[in-house]
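Colleague: quick one: sequence and predicted model below, then my questions.
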Protein chains: 2
Amino acid sequence: MIVPPVRVGTALGPVRLTEAAHTRLRPAAAAVTGGFWGRRRSVIAEASIPQGPGLLESAGNLHNLRVAAGTESGEFRGRYPFVDSDVYKWLEAACWRLAEIGPGEGGPSARRLADDVERISALIAAAQQDDGYLNTWVQLGRGEGRWTDLTWGHELYCAGHLIQAGIAHRRATGRTVLFDAGRRFADLLELVFGPGAPGGIDGVEGHPEIETALVELYRETGEARYLALSGHLVDRRGHGLLGGGAYFQDRVPLRQAETVEGHAVRQLYLLAGATDVATETGESALISAVERMWTAMAGAKTHLTGGLGARHEGESFGDPYELPTEQAYCETCAAVASVHWNWRLSLLTGRARYADLAERTLFNALLAGVSLDGTRWLYVNPLQVRDGYTDPGGDKTNRRTRWFRCACCPPNVMRLLAALPHYLSSADADGVQIHQYAAGRISAEIAEGPVGLRVETDYPWHGTVRLAVENCPEGEWELALRLPHWCSRYVLRVAGRDLRPEDGDGWLRIRRAWQPGEEVELTFDLRPRLTAADPRADAVRGCVAIERGPLVYCVEEVDHAGGGLDRFVLDTSTALTEEHRPELLGGVVTVQASGWRRRSKRSGDWWPYRPAQAAPVRRAEAAEPGERLTLTAVPYYAWANREDGAMRVWLPTG
Amino acid sequence: MIVPPVRVGTALGPVRLTEAAHTRLRPAAAAVTGGFWGRRRSVIAEASIPQGPGLLESAGNLHNLRVAAGTESGEFRGRYPFVDSDVYKWLEAACWRLAEIGPGEGGPSARRLADDVERISALIAAAQQDDGYLNTWVQLGRGEGRWTDLTWGHELYCAGHLIQAGIAHRRATGRTVLFDAGRRFADLLELVFGPGAPGGIDGVEGHPEIETALVELYRETGEARYLALSGHLVDRRGHGLLGGGAYFQDRVPLRQAETVEGHAVRQLYLLAGATDVATETGESALISAVERMWTAMAGAKTHLTGGLGARHEGESFGDPYELPTEQAYCETCAAVASVHWNWRLSLLTGRARYADLAERTLFNALLAGVSLDGTRWLYVNPLQVRDGYTDPGGDKTNRRTRWFRCACCPPNVMRLLAALPHYLSSADADGVQIHQYAAGRISAEIAEGPVGLRVETDYPWHGTVRLAVENCPEGEWELALRLPHWCSRYVLRVAGRDLRPEDGDGWLRIRRAWQPGEEVELTFDLRPRLTAADPRADAVRGCVAIERGPLVYCVEEVDHAGGGLDRFVLDTSTALTEEHRPELLGGVVTVQASGWRRRSKRSGDWWPYRPAQAAPVRRAEAAEPGERLTLTAVPYYAWANREDGAMRVWLPTG
């Protein structure tokens, strides 16, 4: 594997904890230099991000800002009041990309990107009003004016994304035009919504996001008032200021909540923000609340893919174990938000399970949201597309789309994957933790000095991860490697010897006096496996899913001549096999299973229900329920990149 | 059984075919005098309908009409532009009730009802504008004016309900104030939307309903232009006049449609109207289309209860076999519409299957929509309420509600059940057909003269139906009794002798020279049974439902100390038993089944998915998956009449 020279920054990511933070771990600097994520990120960097300005131009987002800036005339364009946030999220993505390239590096395309960023940042600054307010929906005369519709207006939501973009811009380039814009808006928010603001508004924003942004602004500036405002907005939620609805997480105060509910993205952004507050304040009640809600979510409201949100109606979480397949919502933004939140929980607690869920989400629910070529998107990520699926069109189609009327997801994927190296590894005083396995380099600070690591792997296609210590201080320190939750068998060799660490609650902890040049080789057993669900997950009763390593698999109609996926039955008595297919879907490992295609309904009966006691028919069917078939499964993240057709993750076993 | 004197009208129902209609059957006059439907209809007559005027007053519907009439001032009240239709549907229900009581009969409560009907009819006439237009939303200044929002404005929808109410009023009382109002509105519609209207609008209404109303107006007046306008509105649909969306059945012209799609109630109202048009015109392409769509719907888009509409989002049909349980929509209005449509198909074709689906719908999907006391309602009718259900409030709650903001369902149930005798039996030249079994009297005209029948039964609690010929002409004629689709065993005795008619495609046809006083005794085997679904119905894989006769059963938390319904497993190896419980839920037969309550999750693992190969655990579970339990099932229609709690129709078998 060739490792080109890359910039390993100094924790230049979206989450930079203060020295005072009550945290177990702190982000380490890392670079992804190849392998699986290297390839996926190249597509984001080379296809997705560069087309942003053009899409934002044609969708009207930049027009709105120019009208607000007074350099153009016209009406507000776009359907939703939060379209400014698309621009901010794209800027954030572009800035993390620029941070990675380094100033003056990267050639013409990087210069064009830097120019776009500066041009659009200047436009935003020009559109901002004197007192710091900025929202083109309101400024262009839509709605009833400032702060008149906190429930749906998204003013603070947009402010949050502006603040985050400004921080990314400053961390990436050192420039402050966007950062200053975000900070001026934050100062205005403090005057209007702050706890002690005279004549202010006792209100919270319908769509959380500002909370996490304000904590990061506190981290960037050291000014505690931003942290206080964030905490105040977390505290005031759940007291009926938004009408008391579960949709808005306004039914119950967060510290009393027992489970996630309502609009999934809103819920997850709020939890990320609350976790940021808890990390900086160390408040145990808030820490307990966010961990309790995570447990309720992971245990009963998460799809196998890591997808979150069970209902189209309200884009919301459902009841416990309500995990439908074809109507799974699993908004791409919810996957982004889940990774954000899980990272914050990983740092706060040091527990491996949060990285387990983040890994599952990254490889499946999130990555399915973007096409292999980086130019087409899914807003919803179902686990089944039926035979006879009727495309409803619009944003919620199961067919990939160039852009959405509600274009929240594409730039959200871009900003997450552009910042991905930030979410891979951490350090504490005593050592370095590897949360996610990606080919690249890691640069961490432990108490005794800097540690440099190189990671070589073709994970998740091959099971071996090689880590080499490039530089380190003298004396003992601990290298902790996450043992994925899905993994039941592995081999670990350290400096040439087999090692079997004691149970480390999801971590393989290797403590020794490391020498530069020493290597660790960790090999996971990646043989494909069948997975079943808790019996309370009614939607997938009697079914199994195919998984291989962190990847969830699915069957697609295009691989099965004759179709009829909803009549497939998987034969669990025969072994799964796998095949490396470098030419398929950008290079994947497929999994083959044996099964049947059930015959179509025989009788001309008009009613699809029948006596359950019709045992002879059922016994004959059980023995040979149809035509023999080899099922070919592909990674779920790669689905919907060929012909349109049916798809299933969960396969009946009888 | 005591049969009090009742009025057996002359086919005074909502559907009165013309002499020219291309139909196999025509409605017979009937009265329900006792038994199951007698009791349910008493509640509607004595509790539901009388509270209508008070509810319409407090919800603002009557206020709106008074403001439009100029006798009161104020703003429009209510959330939706179609609130006038609530008044019309209530009036229709009240008129069918008055038709049943007979003029001057029924005592003070009947006089009060008659007075209410006249008072509100006069108010409607006063609110109508000079040219026949009537819509308080528009007249009170909401929206952009007449015909400016055909997609969502519901102006023709409301007109349709006004026309139907006017026809009911005239048929019931002979008065014409409401009928004239409806007809004047229809005349205006012809001017504006008619095929040859100079300067008219080429448009259709977002919510069908006007189509069926106009055909009935044609039937009532003999004026072919109303039929022509109805046919024109059916023809123009599916050509993109509403934007081309499936939601509005505007994606494809009806004659080319392959299946039901979009908003379920819209689809069903359209199909009822199209069937009316086809019945009067005899057009074979239209007849083929509606029968084809019924087959697609019944075979793959109908819940076991007869409930229709798989998705909350858009209140819509799903893809084939997309039949979720907890998120089943099954709007009560869709059940009403299904009965309406099935009746029209029964008459048009003479096929028994339409009455089969109507029976299933009446006893389950529809009747669950109203509480046993007739005062609380369900808008959606799920087949499962989970352990840990969170009540979202609003109209779509799974808890019964006094009235809705969108109050379409309650008066719809009232008008259907008030007119129920109309939907029970029919006649052709050669005989009489019994579609539904209810205690009462039937009065039919066949070629040779009138036939009078008396029906005694406690169906569906007991399986015996006794029919006595009270009067009939001389010579042979045929009495056809529907053999329900669910019934595999029956005993038929005619004039004291056992009879086994040949397969009559769902009908037991008894042709003979009947004598007054002769009796037929038909006994169905009502032993409870287990029912399974087509394996493509993923949501209920591995489950069975309990049925008994036409009734679908469910288990409710209130009958199971300790709860945990989502952990119940039904043991299919032991027999079901039944118990007559006159004191329970107004008198029901319960069904007992043997089963287990699965243990709660044992491990502290945070993830609800596990290796499917964990065979030892699974085998132990299969042998004895938890605590032994007797499951008590109650009729689905009677659910949610006691304490709030979990509910399931479909029960896992392992």
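Modeller: Alright, I've got the coordinates.
Colleague: which residues does A:Phe220 contact?
Modeller: One correction, residue A:220 is Glu, not Phe. Taking C-beta atoms under 8 Å, 6 or more residues apart in numbering or on different chains, we find A:Glu220 in contact with A:16, A:167, A:170-171, A:179. Every C-beta, even on glycine, is put in place using the N, C-alpha and C of the backbone.
Colleague: and those residues, which is closest to A:Leu526?
Modeller: Nearest to A:Leu526 out of the contacts of A:Glu220 is A:Arg16 (C-beta to C-beta; 34.5 Å).
Colleague: need the longest helix for chain A.
Modeller: helix A:107-127 (DSSP state H).
Colleague: and after it, which helix or strand comes next?
Modeller: The helix or strand immediately downstream of helix A:107-127 is helix A:136-139, counting by DSSP states H and E.
Colleague: which elements pack onto that following helix?
Modeller: helix A:61-69 (3 or more C-beta pairs under 8 Å, 6 or more residues apart in numbering or on different chains; DSSP states H and E).
Colleague: which strands or helices does the helix it packs on pack on?
Modeller: For helix A:61-69, the packing partners by 3+ C-beta pairs under 8 Å, 6+ apart are helix A:52-58, helix A:84-101, helix A:107-127, helix A:136-139.
Colleague: buried ones in it, by neighbour count?
Modeller: A:61-69 (16 or more other C-beta atoms under 10 Å in any protein chain shown).
Colleague: only alpha carbons, please: show it as PDB.
Modeller: Coordinates of each C-alpha in helix A:61-69 appear next as PDB, following Å, rounded to 0.1, in the frame of the first residue of the first chain:
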ATOM      1  CA  ASN A  61     -29.800  29.300  -2.200                       C
ATOM      2  CA  LEU A  62     -27.100  31.700  -3.400                       C
ATOM      3  CA  HIS A  63     -29.600  33.900  -5.100                       C
ATOM      4  CA  ASN A  64     -31.400  34.400  -1.800                       C
ATOM      5  CA  LEU A  65     -28.100  35.500  -0.100                       C
ATOM      6  CA  ARG A  66     -27.400  37.900  -2.900                       C
ATOM      7  CA  VAL A  67     -30.900  39.400  -2.600                       C
ATOM      8  CA  ALA A  68     -30.300  39.700   1.200                       C
ATOM      9  CA  ALA A  69     -27.000  41.300   0.500                       C
END
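Colleague: quick check: mean pLDDT of it?
Modeller: Mean per-residue pLDDT for helix A:61-69: 98.
Colleague: that helix vs helix A:84-101, what angle?
Modeller: 110 degrees (axes from the mean of the first three to the mean of the last three C-alpha atoms, to 10 degrees).
Colleague: what residues does helix A:61-69 touch?
Modeller: A:53, A:56-57, A:72-74, A:76-78, A:83-84, A:86-87, A:120, A:123-124, A:126-127, A:134, A:136-137, A:139-140.
Colleague: report the inter-axis angle for that helix versus helix A:107-127.
Modeller: Counting by the same axes, to 10 degrees, helix A:61-69 lies at 40 degrees to helix A:107-127.
Colleague: ok, back up a step: could you list which of the contacts of A:Glu220 belong to strands?
Modeller: Members of those lying in strands (criterion: DSSP state E): none.
Colleague: tell me the secondary structure at A:Arg628.
Modeller: Per DSSP: H, G, I helix; E, B strand; the rest coil, the local secondary structure of A:Arg628 is strand.
Colleague: around chain B, which positions in the stretch 451-600 of chain A sit nearby?
Modeller: A:485, A:488, A:529-539, A:541-545, A:566-567, A:572, A:598 (C-beta under 8 Å from any C-beta of the partner chain).
Colleague: tell me the one of the contacts of A:Glu220 nearest A:Leu362?
Modeller: A:Arg16 (21.0 Å).
Colleague: got a list of what that closest one touches?
Modeller: With contact set as C-beta under 8 Å, 6+ apart, A:Arg16 has these partners: A:27, A:171, A:216, A:219-220.
Colleague: can we see that at 10 Å?
Modeller: A:Arg16 is in contact with A:10, A:26-27, A:167, A:171, A:216, A:219-220, A:422, counting by C-beta atoms under 10 Å, 6 or more residues apart in numbering or on different chains.
Colleague: surely A:Arg441 meets A:Val455?
Modeller: Yes: A:Arg441 lies in contact with A:Val455 (C-beta atoms under 10 Å); the separation is 7.1 Å.
Colleague: put the buried members of the contacts of helix A:61-69 into a PyMOL selection.
Modeller: Per 16+ other C-beta under 10 Å, the buried members of those correspond to this PyMOL selection:
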select buried, chain A and resi 53+56+76+77+78+83+84+86+87+120+123+124+127+134+136+137+139+140
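Colleague: which sections of chain A are below the confidence cut-off?
Modeller: A:1-11, A:601-604, A:613-624 (pLDDT under 70).
Colleague: quick revisit: the more surrounded of A:Arg441 and A:Val455?
Modeller: Per other C-beta atoms under 10 Å in any protein chain shown, whichever of A:Arg441 and A:Val455 has more neighbours is A:Val455, with 28 against 21.
Colleague: before we move on, back to that, inside strands: which ones of the residues of the stretch 451-600 of chain A next to chain B?
Modeller: Among those, DSSP E puts A:529-533, A:543-545, A:598 in strands.
Colleague: what would those look like in a markdown table with neighbour count and distance to B:Thr590?
Modeller: Putting these into a markdown table (neighbours: other C-beta atoms under 10 Å in any protein chain shown; distance: C-beta to C-beta, whole Å) gives the following:
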| residue | neighbour count | distance to B:Thr590 |
| --- | --- | --- |
| A:Arg529 | 19 | 44 |
| A:Leu530 | 18 | 40 |
| A:Thr531 | 21 | 39 |
| A:Ala532 | 23 | 34 |
| A:Ala533 | 22 | 32 |
| A:Cys543 | 25 | 32 |
| A:Val544 | 23 | 36 |
| A:Ala545 | 25 | 38 |
| A:Arg598 | 20 | 35 |
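Colleague: make CSV from these and add distance to B:Ala352 to it.
Modeller: Compiled in CSV, these are given as follows (distance: C-beta to C-beta, whole Å):
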residue, distance to B:Ala352
A:Arg529, 51
A:Leu530, 45
A:Thr531, 46
A:Ala532, 43
A:Ala533, 41
A:Cys543, 36
A:Val544, 41
A:Ala545, 43
A:Arg598, 29
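Colleague: let me see the contact set for A:Leu576.
Modeller: Per C-beta under 10 Å, 6+ apart, neighbours of A:Leu576: A:527-530, A:546-548, A:553, A:570, A:591-594, A:631, A:633.
Colleague: wait, A:Arg111
Modeller: A:Arg111 touches A:101, A:104-105, counting by C-beta under 10 Å, 6+ apart.
Colleague: pull up the residues of the stretch 101-250 of chain A that are close to chain B.
Modeller: Contacts of the stretch 101-250 of chain A with chain B, taken as C-beta under 10 Å from any C-beta of the partner chain, map to A:244-247.
Colleague: tell me how many other residues surround the residue in the stretch 101-250 of chain A that chain B sits nearest to.
Modeller: Here the stretch 101-250 of chain A gets closest to chain B at one residue, A:Ala246, 6.5 Å apart by C-beta to the nearest C-beta. By the criterion of other C-beta under 10 Å, A:Ala246 has 21 neighbours.
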